[in-house]
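Sequence unavailable; structure follows:
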């Protein structure tokens, strides 16, 4: 992929290949968990959960202790590919620490002594707490960057927050000195993979961060280069665009006033540029850069929508009709709150296989004719 990136950048200077930020943060978690101290803790935590879940009597005692405390948290194990699950696993251990220790102390719990020692070991729980201080900032960043509302400039701020929080937590962690050095190296590796000049340009052009720059002089200079290259590709006057940028950063002209800056808190940054600053030469460049998604998660989620629309029962739909149905479904979801049941359920969502035999196939030419009328 990186070799392909180099070829693309060489042939098309206005295109900036970027890696998936969520994937890079997952790899950062994986690298940290591979450290000996973290790996030992991880294996002990997994061993404990598997033991409790694998013994019916022990599991029943654990559930009894939970019900006495009016809790229903389950003991979770992370997947092999999503390392953010490690944080969920450790969190669930801490939340159920009391129930687990009472289960271990119970006379009716015939437990292996190594597992019992782990549950009653204060050093184990101390390591879990200190590990969470290192891992949770990364998990929070992954959750935010994977959302549909994530924007390119988020990468710059999230990585800066992750770096600062981990550096603050390292002195009180239980990692060895060599492991602490390795963690800092992994963070730098993640930043080198994720951050490109276009991220700096997106940060600079976002009105929410105006006057709060965390960029270095070199990063600002590279951001100017990105804005100039995009302007050239769009056929805009590069000097006029940079002049507009100077007015924007100095908050003069159109941007001389508090109201316009306050408005950016209520609309997206791209809409702010197109709707309120459309008369400026910089507007077109800024609105394009600020709409670039940072991870590949949002596009990948479209696969399931297409899969539920173009099914065996609807396999003669032309591409144009499928795209229209997916667009309608995706946009209707924007009007639903997260806690409401979906009202955009398509007939192809049904898991009843009998539906397929009842669906009458429509001649593809007829469907295409309907598309043309639409």
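Received, thanks. Source: prediction; values computed, not measured.

all contacts plus neighbour counts: C-alpha atoms, from now on.
Noted.

In the stretch 1-150 of the chain, where is pLDDT below threshold?
For the stretch 1-150 of the chain, applying pLDDT under 70 flags the ranges 80-81, 107-112.

ok, now the stretch 151-300 of the chain?
Within the stretch 151-300 of the chain, the segments meeting pLDDT under 70 span 211-212, 297-298.

Run through the strands of it in chain order.
Assigned by DSSP state E, counting those that start in this stretch, the stretch 151-300 of the chain shows no strands.

in the chain, which residue is closest to the centre?
By Cα atoms, centre = their mean, the mean C-alpha position of the chain lies nearest to residue 146, the distance being 2.2 Å.

Unless I'm misreading it, it sits right up against residue 23, doesn't it?
No. Residue 146 lies out of contact with residue 23 (Cα atoms under 8 Å); the separation is 9.4 Å.

any common contacting residues for the two?
Shared contacts of residue 146 and residue 23 (Cα atoms under 8 Å, 6 or more residues apart in numbering): residue 295.

how about the host helix or strand of residue 130: buried residues?
In this assignment (DSSP states H and E), residue 130 forms part of helix 122-145. By 16 or more other Cα atoms under 10 Å, the buried positions in helix 122-145 come out as 125, 127-128, 130-139, 141-142, 144-145.

Which strands and helices lie in contact with it?
helix 21-33, helix 36-54, helix 85-95, helix 153-169 (3 or more Cα pairs under 8 Å, 6 or more residues apart in numbering; DSSP states H and E).

Mean neighbour count, the ones you listed: which tops it?
Burial of those is given as mean neighbour count (mean count of other Cα atoms under 10 Å); helix 21-33 ranks first at a mean of 21.

how much distance is there from stretch 45-55 to the middle of the chain?
29 Å (Cα atoms, centre = their mean, to the nearest Å).

Mind listing residues that contact that stretch?
Contacts to stretch 45-55, defined as Cα under 8 Å, 6+ apart, come from residues 58, 59, 62, 75, 76, 77, 90, 115, 118, 119.

ok, how many other residues are close to the first one?
To tie it back to what came earlier, the one meant is residue 58. The number of residues packed near residue 58 is 21, by other Cα atoms under 10 Å.

and the gap between it and residue 48?
Going from residue 58 to residue 48 by Cα to Cα, to the nearest Å gives 11 Å.

for the third one, same thing?
Counting by Cα to Cα, the separation of residue 62 from residue 48 is 12 Å.

cool, and the fourth one?
In this structure, residue 75 and residue 48 are 10 Å apart, going by Cα to Cα.

If anything else comes up later, I'll come back, but that's it for now.
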